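[1] One predicted model, sequence on top.
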Amino acid sequence: MPGLPLPALSSHVSAHKSSGAWIGILMGTCVGALIGFLPRPELVILPLLGILGFFFSSLNLHLGLGLLVFVSYLRLSDTLVHLHNIPSIASPLILYFLMLTVFRWIGAKDKPQGLMLPISLMLGYLGACLTSLLSARAPEVTLLAIGELLKDLIFAITLMLMYQIDPKNSLKTSLWALMLAGLLMGGIATYQYLTQSFTSDFGGFGQAAKQHLTGMVQSFRISGTIGDPNFFAQILLVVVPLALDRMIHERRSSLRGLASLVFFTTSSSILFTYSRGALVGLFWMLMLTLRQHRPPKGIMIAAVTFSLISMGFLPEHYLDRLTALYDAAGSSSGPVVEDSLQGRISELYSGLLMFIDHPLFGVGLGNYPVDYQDYAQKLGIESRHSERHAHNMFLEWIAETGLFGGLILFALIKEMFKRLKLRHVDLLRQGETDSARMLDAFRLGLWGYFIASLFLHAAFPRYFWLFSALAMAIPGPLIVAKFPLRLKAGELGQPQSKP
C-alpha cells in the first residue's frame, strides 16, 4: 500500500497479523472440539482442510503445486481410501488444478515452453505400453496397468503446467513440500521405532510388520504410509540431501532447525527399515556429494568420526543383515537367506529371458509376475512358487515393454538430469545460489532413488512420475540457451562449484 505513511503501514500490518492470530485460535478451537466430540472427526476436518487448501491455492497456484506435491508424496489419498474408506481426494484435486491451470494459461500472454519433448516422451511411453498388448499373456492386466499409467501421466502433466506459471516460487515451494511430507512420515516412523509402538499404525501413517532380517531372526521393520519398508526407504532418499542442504545453507534459523528435523527423521527412518538397497543409495549420494563439493578435511574427519560412533547405535542385527548376502555366498547363513538370494537371481535371469524372447514390445505392461513362474521353472533356481517381480525397475521396464518402452523411459531419465544440470547453471549465473543449491540437492536425491531402483521394481510408479515432472518442468528458454556448463572461478564472487 504505497500511499500509506510508514507508521500507518506498520499499524495496518499489525492489525492484519492480530486478526490472523485470532482467526487461527478460533479455527484451532473448532478443530479441537470436532476431534473431541465427533465419532469420526476426519469426515468433517478433512473436507474443511480441503476447502481451505482449494481457496488459498486458487489465489496462488505455486501453493497449489506445493499442496499437490505434499499430498502425493505423503500418499495421503491412498491411505485414506484403503485404511479409512474415505473417497479419493487425489483425482478431484488433480482435475481441479488441471482445469484451473488450463484456464490460467488461456488468459495469459505467455504459454508453456519447453514441455513438448517431455510430453512427447510420456505419450510415446503410453504408446509403447499399448503396443505391449500384442504380446501380453494377460491383456486384462495390461489394460488395468495402462489405466493407472494414464492417471499418472495426467498428474505429471498437471504438475509441469502448474510449475511453469511461476517457476521461481514453484521450485522452492515444491521442494519444501517434499521435505514437509518427509518430516511427517519420518517423524512418525522414528517415534514409532524409538518407542517400539508397533501395535499402532498411527492412522495408516506408521505401518510396520515383523519380517525376516537375517538367518532365522525376525524383527519389526517400519514402512510408513507405503506398507513396505524397502519402498518407504527408497522414496525417503530423495528428501535426505534436500534437508542436508537447507540445514547447512538456509539463511533463516527457523528453517534451518526445521531442515535439521527433516534430515534426522528421514535418515533415521531409512536405517530403521533395514533396507540394504536404500543404504547403497544413501552411500552413493554421500560419495557424489563429497566428489562435487569437496568439504574441508576437518569436516570430513568429523563426519567419519561421527559415522564410526554411530555404528554402535545401529538397530539390532543391522550389521548381520548387511553381511547376510556375503555369508550366503559361503553357505553359512542358513536356508532362509539362501532362498532369498536364489530368488533374486532367478528374478533377474527371468527378466532377461523375457526380454530376449520379446525384445521389441516386451511381455506386456504388468505381465512380468504373470509370466515369471514359466521362466523360473525353466531356470530351476527358484524354490518359491508364487508371482514375483524383477526387483530391478529398469530390467522390469524392458521385460514388460521391450526396447520400444525401455529406450523411451531411459531417454526421459536422461532429459530429467540434463534439465536439472542446465537449470542449476542458469540459476548460478543469475545469482540465485540458494535455489541452485536446492536444485542440485534434488538431483542428488534422484540419484539415490534410481540407485535403490536397481534392487526394487516400480511398485509405486506415481513417485517416479512425480519426480520426473518436477525435473522436466523447466521453462523452454532456459533449456535452449547456449552457455558453457562450467562457470569461471570467481565469476559469481565465490569459488567454482562443479555442476
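    Perfect, I can see it now.
[2] rest of the way, CA atoms for contacts and neighbours
    Will do.
[3] Any buried residues in stretch 125-143, and which?
    Buried residues in stretch 125-143, counted by 16 or more other C-alpha atoms under 10 Å: 125-126, 128-133, 135-136, 138-139, 141-143.
[4] separation between Ile398 and Leu133?
    Distance of Ile398 to Leu133, given as C-alpha to C-alpha, to the nearest Å: 14 Å.
[5] where are the low-confidence patches of the chain?
    1-59, 212-217, 293-341, 383-384, 475-499 (pLDDT under 70).
[6] the longest helix in it is where?
    Longest helix in the chain by number of residues (criterion: DSSP state H): helix 393-429.
[7] could you point out which element follows that one?
    helix 433-452 (DSSP states H and E).
[8] Quick check: next helix or strand after that following helix?
    helix 461-472.
[9] Which strands and helices lie in contact with that next one?
    The contact analysis (3 or more C-alpha pairs under 8 Å, 6 or more residues apart in numbering; DSSP states H and E) places helix 461-472 against helix 61-74, helix 139-165, helix 393-429.
[10] got the CA positions of it in PDB?
    The C-alpha coordinates for helix 461-472 follow below in PDB (Å, rounded to 0.1, in the frame of the first residue of the first chain):
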ATOM      1  CA  PRO A 461       5.100 -45.600 -10.100                       C
ATOM      2  CA  ARG A 462       3.300 -42.400  -9.000                       C
ATOM      3  CA  TYR A 463       6.600 -41.400  -7.300                       C
ATOM      4  CA  PHE A 464       8.600 -41.800 -10.500                       C
ATOM      5  CA  TRP A 465       6.200 -39.500 -12.400                       C
ATOM      6  CA  LEU A 466       6.200 -37.000  -9.500                       C
ATOM      7  CA  PHE A 467      10.000 -36.700  -9.600                       C
ATOM      8  CA  SER A 468      10.000 -36.700 -13.400                       C
ATOM      9  CA  ALA A 469       7.500 -33.800 -13.600                       C
ATOM     10  CA  LEU A 470       9.400 -31.700 -11.100                       C
ATOM     11  CA  ALA A 471      12.700 -32.300 -13.000                       C
ATOM     12  CA  MET A 472      11.300 -31.700 -16.500                       C
END
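[11] Buried residues, that helix. List them.
    Using 16+ other C-alpha under 10 Å as the burial criterion, the residues of helix 461-472 that qualify are 462-472.
[12] Next: stretch 396-414.
    396-406, 408-409, 412-413.
[13] for stretch 421-434, same thing?
    421-428, 433-434.
[14] Ok, stretch 185-197 next?
    Here stretch 185-197 shows 185-190, 192-193 as buried, counting by 16+ other C-alpha under 10 Å.
[15] can you check stretch 67-85 too?
    Going by 16+ other C-alpha under 10 Å, stretch 67-85 has these buried residues: 67-80.
[16] Next: stretch 195-207.
    Buried, per 16+ other C-alpha under 10 Å, within stretch 195-207: 198, 201, 204-207.
[17] residues contacting Ile235?
    449, 463 (C-alpha atoms under 8 Å, 6 or more residues apart in numbering).
[18] Please report how far it lies from Met185.
    11 Å.
[19] do the same with Leu439
    22 Å.
[20] Likewise for Gln196?
    From Gln196 over to Met185 (counting by C-alpha to C-alpha), the distance is 16 Å.
[21] which residue sits closest to His457, ignoring its sequence neighbours?
    Closest residue to His457 apart from its sequence neighbours, by C-alpha to C-alpha, 6 or more residues apart in numbering: Met393 at 4.0 Å.
[22] And what about the residue lying closest to Gln192 once chain neighbours are set aside, helix, strand or coil?
    Nearest residue to Gln192, sequence neighbours excluded (C-alpha to C-alpha, 6+ apart): Phe198, at 6.5 Å. Of the three states, Phe198 takes coil under DSSP: H, G, I helix; E, B strand; the rest coil.
[23] Take the buried residues of stretch 185-197 and keep only those in helices.
    185-190, 192-193.
[24] between those residues, which is nearest Leu100?
    Met185 (29.4 Å; C-alpha to C-alpha).
[25] from memory the closest one sits against Thr225, does it?
    Yes. Met185 lies in contact with Thr225 (C-alpha atoms under 8 Å); the separation is 7.3 Å.
[26] any common contacting residues for these two?
    Counting by C-alpha under 8 Å, 6+ apart, the residues touching both Met185 and Thr225 are 74, 205-206.
[27] any chance of the buried residues of helix 461-472 in a markdown table, plus distance to Ser453?
    Putting the buried residues of helix 461-472 into a markdown table (distance: C-alpha to C-alpha, whole Å) gives the following:
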| residue | distance to Ser453 |
| --- | --- |
| Arg462 | 14 |
| Tyr463 | 12 |
| Phe464 | 10 |
| Trp465 | 14 |
| Leu466 | 15 |
| Phe467 | 14 |
| Ser468 | 15 |
| Ala469 | 18 |
| Leu470 | 19 |
| Ala471 | 18 |
| Met472 | 20 |
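[28] which one of those residues sits closest to Thr265?
    Tyr463 (20.0 Å).
[29] Could I get the contacting residues of the closest one?
    72-73, 235.
[30] What lies in contact with the helix or strand hosting Ser77?
    Here Ser77 sits within helix 76-84, counting by DSSP H and E. Under the criterion C-alpha under 8 Å, 6+ apart, residues 71, 86-90, 203-205, 225 lie in contact with helix 76-84.
[31] can I get the contacts of Tyr463 in TSV with distance to Pro112?
    What follows is these, written out as TSV (distance: C-alpha to C-alpha, whole Å):
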residue	distance to Pro112
Ser72	23
Tyr73	25
Ile235	29
